[in-house]
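1. here is my input, please return the structure:
(chains A and B)
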2 protein chains.
Amino acid sequence: MNFREINPSPRMLMCPGPVEADPRVLRAMSAHILGQFDPEFTSLMEETQEMLRLVFQTKNTQTFVVDSTSRGGLETVLTGAICPGDKVLIPAFGRFGYLLAEILERCNADVTLIETEWGTVFAPEQIEEELKKKSYKAVACIHGETSTSMMQPLDEVGKICKRHGALLIVDTVATLGGAEVKVDEWNIDACIAGTQKCISAPSGSALISYNRAIEEIILSRKKVEKGIRTVEDIDGKLPQIPSNYLDLAQLQDYWSPRHLNHHTEATSMQYAIHEALRCVLMESLEERFLRHKLNDKALCAGLKAMGISIFGDLENKMPVVTAIEIPEGIDGKVLRYEMLNDFGIEVATSFGPLDGKVIRIGNMGYSSQKRNILFTLGALEAILLKNNVKISAGDGVAAALQVYCSANGN
Amino acid sequence: MNFREINPSPRMLMCPGPVEADPRVLRAMSAHILGQFDPEFTSLMEETQEMLRLVFQTKNTQTFVVDSTSRGGLETVLTGAICPGDKVLIPAFGRFGYLLAEILERCNADVTLIETEWGTVFAPEQIEEELKKKSYKAVACIHGETSTSMMQPLDEVGKICKRHGALLIVDTVATLGGAEVKVDEWNIDACIAGTQKCISAPSGSALISYNRAIEEIILSRKKVEKGIRTVEDIDGKLPQIPSNYLDLAQLQDYWSPRHLNHHTEATSMQYAIHEALRCVLMESLEERFLRHKLNDKALCAGLKAMGISIFGDLENKMPVVTAIEIPEGIDGKVLRYEMLNDFGIEVATSFGPLDGKVIRIGNMGYSSQKRNILFTLGALEAILLKNNVKISAGDGVAAALQVYCSANGN
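-> Residues are numbered from 1 along each chain as shown, chains lettered A, B, ... in the order given. I've put the predicted structure just below:
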């Protein structure tokens, strides 16, 4: 028996997820297990729902956690809200837009994908133009597209969808907890987020919220299992949801005060999420968004001072991810390897047309810290210099420090 | 901001799951996060696969973890191995047999359910008789049916399936790590287990293993996502797997040395599973099974001495769950409430025809301990006496202690 104990080397996770979990979250997970129908546990679940509503800025009753990673949360909401044959518009501006299409095609939705160049976002009119062409059941889109670092403004999109009677389903996996996400104000009908990015809990669960319009679709697709059905249970009229595990009809019953048996809730991840949301709210959303913005400003100032180009439309860059163009003279793989190996800092590559062209630097949740930004700039400078890339030595960290000094009024 | 920190009351989880996690497992989860493609993390994943093969007693390459609870693991394997229209036989002897049917019906399999009275198991001939009637693609069944406490012997079933050319897919969620499960020797083609029962990690992940026959089906159903596909990727010939998240074709690529991007692996749960499997192997399977058997023997001796009837066919009772008939004079809900409220001990009700008739006592993983058995018997006695149920006072704990003394040669 020579299997090792868990003892990871020190890491600074400056990638777009998973990022460092808040140490308070990690500690919360070491609490002992409660039974899933223990009143102490169900009351924790209810508190989590209450906190999650505050973080999603919504009054939606249906606001809860799915025991799957964010990808599973997306599938849960999409396969629940969208029936076979439903027309769905996907304005895609990066890899994760394709993922929405992929998931929807498997549930036999009638998908129309419109695309814009990677590194840009859609003007609201582009989406409206498409909605005028035919009657869509829904628009599904990404808020923060980590593959390109772009963030789609949603306020106008929500109004347009409402005007055209299309549901708006949004993936805020990369933004919730790090940038403004206003579910109710922006007219988002269903919203999905993750735990491993700006929420700073481990990966493994998805956070979702949806309104009455979506709930009514779900109820019309409900079928209660033979093993637990009672005479009160009536099956719905729309086609049943294809998955049993990711069945929103069952999940919303499980998360209702009735707590109808479905899966066995992931206890320790519930502890983690409860603590992570508590940390978010103790900091306050406002302070948290300011912190991410300031660290983003410092990071970008440092990169520019070093002479590194930032990829894409800077007006619509996410404050929590920055994609840099890989300077001539160094291979992206070498850069990432040396960052990890020499400095224990993880930065990320990208996908498709950007693979090998940009490196993505995250600035998310607990990882979004002044010292992390400064160390990352310093390490990047050292590696570029070591590889004989022409940059302006010493200027990166100095420029970032200057941003922090100015923010403090110095 | 008045949300509480995580601080659960002390609990002894003598239910059939989730049970107490090993404290070493809980501590492992508080280690900081590693990136999902960090070589340190992928090497942990590989170690987990190696340990999991030992625990499943298999040489199957395809042995890994799914980021969903056991229910999601069942769906992953069933929807991957079974195509629409495939004939599947389900010998059901409790609630979870129905669940297999439920999942398979949603993927449009042609399901034949045969049933036996709750509290019994199938004779191998009953299954063979059915296999003679028509050509089945697969037999799917439960190993340990926690709803009735019965355990289906599988050795003969495996031989029969092999003889008739039917795949054997088995749910060992409740037994793996607590009772013998021999995947290769028993000719099990695909096996699914959970983390929250005899493995003694938190709920949230599923453990799966399948052989080359199943792998070939999966490969024929493969389709690589647009966002990450390369020219090398060729789509398979059988119908695509309906789920993207629970797509075994993608999951086995993710768990292969290629580590092809799919979901973001649940880091802390991976730490937990790695440590839990290590604990299982450090104890050794043999010792672990003996421990569960001894504690089961002591529990049953105590119950009988108290005058309580044990439900079902005792020859085929799981060593890790005991269902007791609720004695006259007390309501099952009161019994469970007082066990939890006065003693912090959780025992469980059952489902369907057994709801309100039996109470299920678990004896799983870290919860399977001499002191837990003794305390549970003592608490049960006190509550029955308090409720004026006629039992033989003082005899339960004494009989259990006697079993432990005999086992020690005293």
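
2. which one of the residues in the stretch 301-410 of chain A is closest to chain B?
-> Per CB to the nearest CB, A:E346 is where the stretch 301-410 of chain A lies closest to chain B, at 4.4 Å. Placement of C-beta: from N, CA and C, glycine included.

3. that residue reaches A:P18, doesn't it?
-> No - using CB atoms under 8 Å, A:E346 is not in contact with A:P18; the gap is 9.5 Å.

4. re the thing from before, neighbours of the nearest residue to the residue of the stretch 301-410 of chain A closest to chain B once chain neighbours are set aside, how many?
-> Nearest non-adjacent residue to A:E346, counting by CB to CB, 6 or more residues apart in numbering or on different chains: B:G35, 4.4 Å away. B:G35 is flanked by 23 other residues according to other CB atoms under 10 Å in any protein chain shown.

5. give the contact list for B:G35.
-> By CB atoms under 8 Å, 6 or more residues apart in numbering or on different chains, the contact set of B:G35 is A:R11, A:L13, A:C15, A:P18, A:E346, B:F41.

6. cool, and A:R291?
-> Neighbours of A:R291 in contact, by CB under 8 Å, 6+ apart: A:E283, A:S368.

7. again, but for A:E105
-> So A:E105 contacts A:V111 (CB under 8 Å, 6+ apart).

8. sticking with it, tell me its helix or strand.
-> helix A:95-106 (DSSP states H and E).

9. next SSE after that helix?
-> Later in the chain than helix A:95-106, the nearest helix or strand by DSSP H and E is strand A:110-115.

10. so between A:E346 and A:P18, which is more surrounded?
-> Per other CB under 10 Å, whichever of A:E346 and A:P18 has more neighbours is A:P18, with 32 against 26.

11. those helices in the stretch 301-410 of chain A, which residues are they?
-> A:332-343, A:370-386, A:395-407 (DSSP state H, counting those that start in this stretch).

12. how far off centre is the helix holding A:E105?
-> For helix A:95-106, the separation from the chain centroid amounts to 15 Å (computed by CA atoms, centre = their mean, to the nearest Å).

13. for stretch A:395-404, output the C-alpha coordinates as PDB.
-> Output in PDB follows, covering the C-alpha atoms of stretch A:395-404 (Å, rounded to 0.1, in the frame of the first residue of the first chain):
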ATOM      1  CA  ASP A 395       7.600  48.400 -15.000                       C
ATOM      2  CA  GLY A 396       4.800  45.800 -14.600                       C
ATOM      3  CA  VAL A 397       4.700  45.400 -10.900                       C
ATOM      4  CA  ALA A 398       5.400  49.200 -10.400                       C
ATOM      5  CA  ALA A 399       2.400  50.100 -12.600                       C
ATOM      6  CA  ALA A 400       0.100  47.700 -10.700                       C
ATOM      7  CA  LEU A 401       1.400  49.100  -7.300                       C
ATOM      8  CA  GLN A 402       0.600  52.600  -8.600                       C
ATOM      9  CA  VAL A 403      -3.000  51.600  -9.300                       C
ATOM     10  CA  TYR A 404      -3.400  50.300  -5.700                       C
END
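
14. for that stretch, what does the pLDDT average out to?
-> Averaged over stretch A:395-404, pLDDT sits at 98.

15. how close does the residue nearest to A:E346 sit to B:F375?
-> For B:G35, the distance to B:F375 equals 43 Å [CB to CB, to the nearest Å].

16. same deal with A:E125?
-> 69 Å.

17. among the two, which residue is more densely surrounded?
-> Using other CB under 10 Å, the more surrounded residue of A:E125 and B:F375 is B:F375, with 17 against 10.

18. what's near enough to touch that one?
-> B:M12, B:F343, B:I345.

19. let's see it at 7 Å
-> Listed by CB atoms under 7 Å, 6 or more residues apart in numbering or on different chains, the contact partners of B:F375 are B:M12, B:I345.

20. still on that earlier bit, how about the helix holding A:E105 as CSV, C-alpha atoms only?
-> Only the C-alpha atoms of helix A:95-106 are listed here, as CSV (Å, rounded to 0.1, in the frame of the first residue of the first chain):
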residue,chain,number,x,y,z
ARG,A,95,-16.5,28.1,-26.9
PHE,A,96,-19.2,28.0,-24.2
GLY,A,97,-21.8,29.3,-26.6
TYR,A,98,-21.1,26.1,-28.6
LEU,A,99,-21.6,24.1,-25.5
LEU,A,100,-25.1,25.5,-25.1
ALA,A,101,-25.9,24.4,-28.6
GLU,A,102,-24.4,21.0,-28.0
ILE,A,103,-26.6,20.4,-25.0
LEU,A,104,-29.7,21.7,-26.7
GLU,A,105,-29.1,19.7,-29.8
ARG,A,106,-29.0,16.5,-27.7
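
21. quick one: that helix to strand A:110-115, angle?
-> Here the directions of helix A:95-106 and strand A:110-115 differ by 170 degrees (axes from the mean of the first three to the mean of the last three CA atoms, to 10 degrees).

22. was I right about A:L299 contacting A:I373?
-> Yes - here A:L299 reaches A:I373: they are 5.0 Å apart, a contact under CB atoms under 7 Å.

23. got any residues that touch both of the two?
-> Jointly contacting A:L299 and A:I373 under the rule CB under 7 Å, 6+ apart are A:A400.

24. tell me which parts of the stretch 1-150 of chain A are close to chain B?
-> A:1, A:3, A:6, A:8-9, A:11, A:13, A:15, A:17-18, A:20-21, A:26-36, A:38, A:40, A:47, A:51, A:67-72, A:75, A:95, A:98-99, A:102-103, A:106 (CB under 7 Å from any CB of the partner chain).

25. any of the residues you listed buried? List them.
-> When those are checked for burial by 16 or more other CB atoms under 10 Å in any protein chain shown, the buried set is A:3, A:6, A:11, A:13, A:15, A:17-18, A:20-21, A:26-36, A:38, A:47, A:51, A:67-72, A:75, A:95, A:98-99, A:102-103, A:106.

26. of those, which belong to helices?
-> Per DSSP state H, helices hold the following members of these: A:26-28, A:47, A:51, A:70-72, A:75, A:95, A:98-99, A:102-103, A:106.

27. so what's A:G378 up against?
-> A:V397.

28. and the pLDDT for it?
-> On pLDDT, A:G378 comes in at 98.

29. so how far is A:L385 from it?
-> To A:L385, A:G378 is 11 Å away according to CB to CB.

30. in what helix or strand does the residue nearest the centre of chain A lie?
-> With distances taken as CA atoms, centre = their mean, A:V173 lies nearest the centre of chain A, 1.3 Å away. Using DSSP H and E, A:V173 falls within no helix or strand.

31. my guess is A:R71 contacts B:A266. True?
-> No - using CB under 7 Å as the test, A:R71 is too far from B:A266 to be in contact (11.5 Å).

32. ignoring the adjacent residues along the chain, who's closest to the closest residue to chain B within the stretch 251-400 of chain A?
-> Among all residues of the stretch 251-400 of chain A, A:A266 sits closest to chain B, at 3.0 Å; criterion: CB to the nearest CB. For A:A266, ignoring the flanking residues on the chain, the nearest one in space by CB to CB, 6+ apart is B:G204 at 3.0 Å.

33. contacting residues for the one you found?
-> With contacts defined as CB under 7 Å, 6+ apart, the neighbours of B:G204 are A:D67, A:G204, A:A266, A:M269, B:T69, B:T195, B:A266, B:M269.
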